[in-house]
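[1] Okay, structure incoming, though there's no sequence with it:
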């Protein structure tokens, strides 16, 4: 922000000390001193070739007579200034566009930046973790835009995979043809209920399996997934989806539509917007051709079990499988393809991912692979990591229903704001 009294002060100092140009600056006054802003005389001392302790009284005397200044105090080499309310208003919030223009970078320093955030799954509604991610993503994008950068907001919705099929299987078995309209529920909440219902049935079958086979008592739940009837049925549904089975695809489209409509409502209430939303169902096959090209160029090697891997020079990264022995992709393979797709679609100078810190290693591996493949822009990739949100009882788990729902949180905050407003209003309740 620019204060008019600074222009007059600069002119006074230039004339008094025969200086060609003076640039006094005002900073916020420290909390333990009286005043709105403070002028340090140390930067002025060099330009004016004067002792800063001698400059402070001269600056103070001049500003004491200035019409915009209500009170002034020299403290050693600092001058603390209290502005008149009218001047403070005029030079700050009364001219927001001028303030914003003043903080923008020079045109030659502005960049085109793509930021990806949110990334919800279509088997459940958004929760507190998404609220945090959405907030960080939108805030970062807004700050970058205020600085003058051209910012592209991107969302990658995870709308395929075994976790999506879990909700679908549960709906087939326990849904009784329920719809958002018939239940009065948002679509994402309805589908999320069936994700929880799947977990309940899965755990019932696990308990029965372990009871009938004591040798499985110490085995991990994930290792027993395909030993359960519902686990095998879910895996079969995923294969049917990949084979474009009409009935499975029809149910998938219906349930995904319910969820995406629900997401739109949540985003609207939060003020979250995107320039582009990618769907994993449209991108999950990307990357395989890039791996094949890298294999031919010697970036990757084929293991004895037919898996394709990369051996990193950095020992902390070790070896990473990029295609399984059966030719199927791993998650990083999809990310390689999606990153290239975004780069080709928008040609950004930088790509940023807003993702929790449990994925730090994943992004180190992704960026290292893209550098090894020779992409010039691979040095301009950034993982903006942040700590995860945990409840007092531990990590949130959507499948167990132990999450803080985003819509409930927004509604509760609105209720708190409404109550606080009415309390302050007293008898003068606004319409």
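    That came through fine. Predicted model, so just to flag it, every value in this text is computed and none were measured.
[2] same for the helix or strand harbouring residue 338, what does it pack against?
    Using DSSP states H and E, residue 338 maps to helix 331-346. Applying 3 or more Cβ pairs under 8 Å, 6 or more residues apart in numbering; DSSP states H and E, we find helix 331-346 packed against strand 112-116, strand 150-157, strand 276-279, helix 280-283, helix 288-296, strand 319-323, strand 350-354, helix 360-372. All C-beta atoms are positioned from the backbone trio N, CA, C, and that covers glycine.
[3] wait, which of those is closest to residue 137?
    strand 350-354 (4.6 Å; Cβ to Cβ).
[4] and that closest one, what's its mean pLDDT?
    Regarding strand 350-354, the rounded mean pLDDT is 98.
[5] On the three-state scheme, residue 388 is what?
    Using DSSP: H, G, I helix; E, B strand; the rest coil, the structure places residue 388 in coil.
[6] which residue sits closest to it in space, ignoring its chain neighbours?
    residue 356 (4.9 Å; Cβ to Cβ, 6 or more residues apart in numbering).
[7] how close does the one you found sit to residue 423?
    37 Å (Cβ to Cβ, to the nearest Å).
[8] between those two, which one's more packed in?
    Taking neighbours as other Cβ atoms under 10 Å, residue 356 and residue 423 compare with residue 356 leading, 15 against 8.
[9] any idea which element the most centrally placed residue in the chain lies in?
    In the chain, the residue lying closest to the centroid (Cα atoms, centre = their mean) is residue 137, at 3.2 Å. Per DSSP H and E, residue 137 falls inside helix 128-146.
[10] Distance from that helix to the middle of the chain?
    Relative to the mean C-alpha coordinate of its chain, helix 128-146 is positioned 5 Å out (Cα atoms, centre = their mean, to the nearest Å).
[11] Just the angle for it relative to strand 150-157, thanks.
    Note on geometry: by axes from the mean of the first three to the mean of the last three Cα atoms, to 10 degrees, helix 128-146 and strand 150-157 are set 160 degrees apart in direction.
[12] List the buried residues for helix 128-146?
    For helix 128-146, burial by neighbour count (16 or more other Cβ atoms under 10 Å) applies to 128-134, 136-138, 140-141, 144.
[13] Can you tell me which of those is closest to residue 26?
    Checking these one by one against residue 26 (Cβ to Cβ), the nearest turns out to be residue 144, at 25.8 Å.
[14] Compute the distance between that closest one and residue 137, please.
    11 Å.
[15] Common neighbours of these two, please.
    residue 115 (Cβ atoms under 8 Å, 6 or more residues apart in numbering).
[16] show me what contacts residue 37?
    3, 26, 27, 28, 29, 80, 81, 83.
[17] The same query, at a cut-off of 7 Å, please.
    Each residue near residue 37 by Cβ atoms under 7 Å, 6 or more residues apart in numbering is listed here: 3, 26, 27, 28, 29, 81.
[18] so what are the domain limits for the protein?
    With domains defined by automatic domain parsing, the chain comprises 4-103, 109-114+275-431.
[19] Listing request: residues of this structure with sub-threshold pLDDT.
    Applying pLDDT under 70 to the chain picks out residues 1, 389-402, 430-431.
[20] Isn't the residue nearest to the centre of the chain up against residue 119?
    No: checked against Cβ atoms under 7 Å, the pair residue 137 and residue 119 is beyond contact range at 9.6 Å.
[21] Endpoints of stretch 207-219, how far apart?
    12 Å (Cα to Cα, to the nearest Å).
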